[in-house]
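# Got a predicted structure plus its sequence, pasted below:
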Amino acid sequence: MQIRENVSLKALNTFGLDAKARYFCSLHKMGGLRSVMQWAQEHPDLPVMFLGGGSNMLFVADFPGLVVQVRLLDKEILGQDDNYFYVRAAAGENWHDFVRWTIDQNMAGLENLSLIPGTVGAAPMQNIGAYGVEVKDCIYEVQAIDWRTAEIRDFSVEECRFSYRDSFFKSVEPGRWLIVTVVFRLPRKPQWKTAYAGVREQLEGKTLNARLISDAIINIRQSKLPDPAVIGNAGSFFKNPMIPQAKWETLQAQFPGIPGWPQGDEVKLSAGWLIDQCGWKGKRDGDAGTFEKHALVLVNHGNATGAQIWDFAYAIVTSVQAKFGVTLEPEPWVVK
Ligand SMILES: Cc1cc2nc3c(=O)[nH]c(=O)nc-3n(C[C@H](O)[C@H](O)[C@H](O)COP(=O)(O)OP(=O)(O)OC[C@H]3O[C@@H](n4cnc5c(N)ncnc54)[C@H](O)[C@@H]3O)c2cc1C
């Protein structure tokens with residue numbers, strides 16, 4: 001296992017930020033894990049961070065420890081029962097390619113999550129979601145290694161504690177578990193989720209199947225979201241905030257037309273709408289800005305630093321707080 005020093009991460013994060021890793025290695029095989037873990041044990045003062053496709057990261061600073069890029073590849077169909085197909089994929093598999101592969105195998109369930117950048121291993125981290133589906137709906141179990149003890153553990157869906165853009169791995173024990181494989185459970189009788197505006201219109205009158213829905217989602221995403229290969233970004237920069245019912249009623253009285261969706265005792269707001277109402281869509285400060293078509297997406301127009309993007313995000317948070325009394329939380333993993 002080769003461990004390199006002072007490695008630029010510019011090509012390894014979709015914001016295109018020129019941060020450096022003090023130490024860096026790529027994990028291609030499980031066999032290499034032992035030597036990396038041993039190296040980490042010999043350097044106990046250095047922090048360790050796992051990296052997939054770098055599409056949900058904001059490097060405000062260089063990383064002072066070891067970055068382990070997870071490149072483990074493999075995927076296989078495990079079998080089926082009366083209700084489900086079971087499929088396993090290694091953490092380093094490209095997410096979108098994996099989704100399309102399941103469709104090629106005549107399996108459904110992941111089509112609404114087409115074209116989300118990144119890797120299979122990062123998908124459970126923030127329980128990726130789009131167009132009415134979250135990855136937890138299709139996960140059977142997650143296999144992860146405890147970076148401290150080398151224990152390998154299978155986490156059931158319940159143990160993963162998935163919630164909106166969150167999981168056990170992201171917020172309960174962040175940075176401790178290296179996800180190595182994910183087993184998916186895909187329904188043999190899929191229930192298509194096409195109620196989202198945009199999706200419904202594209203599919204009107206058509207006989208639905210997973211490929212058709214995936215193609216429609218790809219079209220919509222390509223028309224709405226910036227391609228990181230062209231303009232640096234990490235997708236939605238803020239989570240949609242959840243507020244108590246009483247606050248929702250106050251906001252509705254103050255801002256008629258404010259969109260919101262009841263979620264149990266709380267109401268989910270649209271972070272994009274709140275930001276848009278504060279006049280941020282398409283604004284920029286130097287090379288840090290919001291995307292012209294989508295105020296929720298922060299972009300790097302070229303040479304912004306992570307600190308400039310972070311300052312820009314902070315200005316947005318402050319103005320949304322001042323106007324609506326709602327605090328926005330960033331979605332990406334922020335290295336400070
Ligand atoms: C244009 C664009 C659109 C996007 N659209 C969506 C969307 O619709 N829905 C959505 O949910 N997200 C979206 N995202 C965010 C992002 O694609 C997802 O969060 C994705 O799962 C990140 O994968 P990654 O491999 O790039 O993870 P990285 O950015 O490399 O890492 C993200 C986090 O996961 C950790 N991590 C990565 N791999 C592992 C592993 N094997 N084990 C343990 N921890 C690990 C990292 O340490 C970090 O904390 C979008 C991003 C972009 C750029």
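Okay, I see it.

# counting contacts, what elements does whichever helix in the chain runs longest pack onto?
Longest among the helix segments of the chain by residue count, using DSSP state H, is helix 306-324. Helix 306-324 is packed against strand 57-59, helix 271-277, strand 284-285, strand 288-291, strand 294-300, with contacts defined by 3 or more Cβ pairs under 8 Å, 6 or more residues apart in numbering; DSSP states H and E. For glycine as for every other residue, the C-beta is placed from the backbone atoms N, C-alpha and C.

# The ligand contacts on the stretch 201-336 of the chain?
Taking Cβ under 6 Å from any ligand atom, the part of the stretch 201-336 of the chain that reaches the ligand is made up of 225, 228, 233-235, 333.

# Next, count neighbours for the residue nearest to Met37 when sequence neighbours are not counted.
Spatially, and ignoring its direct neighbours in sequence, Met37 is nearest to Ala150 (5.9 Å; Cβ to Cβ, 6 or more residues apart in numbering). Residues lying near Ala150 (other Cβ atoms under 10 Å) number 13.

# what does the one 4 residues further on give?
A count of nearby residues for Asp154, using other Cβ under 10 Å, gives 12.

# again with Lys293
12.

# check contacts around the closest residue to Tyr196 other than its chain neighbours.
Taking Cβ to Cβ, 6+ apart as the measure, Tyr196 lies nearest to Tyr131, with 4.8 Å between them; neighbours along the chain are not counted. For Tyr131, the contacting residues are 112-113, 193, 196, 199, 217, 220, by Cβ atoms under 8 Å, 6 or more residues apart in numbering.

# So for Tyr131, what's the pLDDT?
Tyr131 carries a pLDDT value of 96.

# and of the residues of the stretch 201-336 of the chain next to the ligand, the nearest to Thr327?
Of all those, the one with the least separation from Thr327 (Cβ to Cβ) is Trp333, at 18.7 Å.

# At which residues are the helices of the stretch 151-300 of the chain located?
Taking DSSP state H, counting those that start in this stretch, the helices of the stretch 151-300 of the chain run over residues 157-160, 199-203, 210-224, 245-254, 271-277.

# Need the winner for burial among those helices.
Between the helices of the stretch 151-300 of the chain, the one whose residues have the most neighbours on average, counting mean count of other Cβ atoms under 10 Å, is helix 271-277 (a mean of 21).

# How about residues contacting it?
Identification of contacts with helix 271-277 by Cβ under 8 Å, 6+ apart yields 236, 238-241, 255, 258-259, 281, 290, 294-296, 316, 320, 323-324, 326, 328.

# let's see it at 6 Å
Helix 271-277 has contacts (Cβ atoms under 6 Å, 6 or more residues apart in numbering) with 238, 240, 259, 295-296, 316, 320, 324, 328.

# pLDDT and neighbour count for those residues - can I get that in a markdown table?
Converted to a markdown table, the contacts of helix 271-277 look like this (pLDDT from 0 to 100; neighbours: other Cβ atoms under 10 Å):
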| residue | pLDDT | neighbour count |
| --- | --- | --- |
| Phe238 | 98 | 23 |
| Asn240 | 98 | 22 |
| Pro259 | 97 | 13 |
| Ala295 | 95 | 24 |
| Leu296 | 98 | 25 |
| Ile316 | 98 | 22 |
| Val320 | 98 | 22 |
| Phe324 | 98 | 22 |
| Leu328 | 98 | 23 |
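
# Keeping just the C-alphas, turn the longest strand seen in the chain into PDB.
Longest strand in the chain by number of residues, with DSSP state E as the criterion: strand 177-187. Backbone C-alpha positions of strand 177-187 (Å, rounded to 0.1, in the frame of the first residue of the first chain) are rendered in PDB as follows:
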ATOM      1  CA  TRP A 177     -16.700   3.200  10.300                       C
ATOM      2  CA  LEU A 178     -15.300   2.500   6.900                       C
ATOM      3  CA  ILE A 179     -18.200   1.200   4.700                       C
ATOM      4  CA  VAL A 180     -16.900  -1.700   2.600                       C
ATOM      5  CA  THR A 181     -20.100  -3.200   1.000                       C
ATOM      6  CA  VAL A 182     -23.800  -2.500   0.800                       C
ATOM      7  CA  VAL A 183     -26.400  -5.100   0.200                       C
ATOM      8  CA  PHE A 184     -29.500  -3.800  -1.500                       C
ATOM      9  CA  ARG A 185     -33.000  -5.300  -1.400                       C
ATOM     10  CA  LEU A 186     -34.900  -4.500  -4.600                       C
ATOM     11  CA  PRO A 187     -38.600  -5.200  -4.900                       C
END
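
# what distance separates it from the middle of the whole chain?
15 Å (Cα atoms, centre = their mean, to the nearest Å).

# Tell me which strands it pairs with, and in which orientation.
Here strand 177-187 is paired, per DSSP bridges, with strand 84-90 (antiparallel), strand 139-146 (antiparallel).

# Next, the angle from that strand to helix 210-224.
Relative orientation of strand 177-187 with respect to helix 210-224: 130 degrees, computed using axes from the mean of the first three to the mean of the last three Cα atoms, to 10 degrees.

# Residues in contact with strand 177-187: which ones?
Contacts of strand 177-187 from elsewhere in the structure, counted by Cβ under 6 Å, 6+ apart, are 50, 84-91, 107, 109, 120-121, 138, 140-145, 147, 169.

# Can you narrow the residues you listed down to the ones near the ligand?
50, 91, 121.
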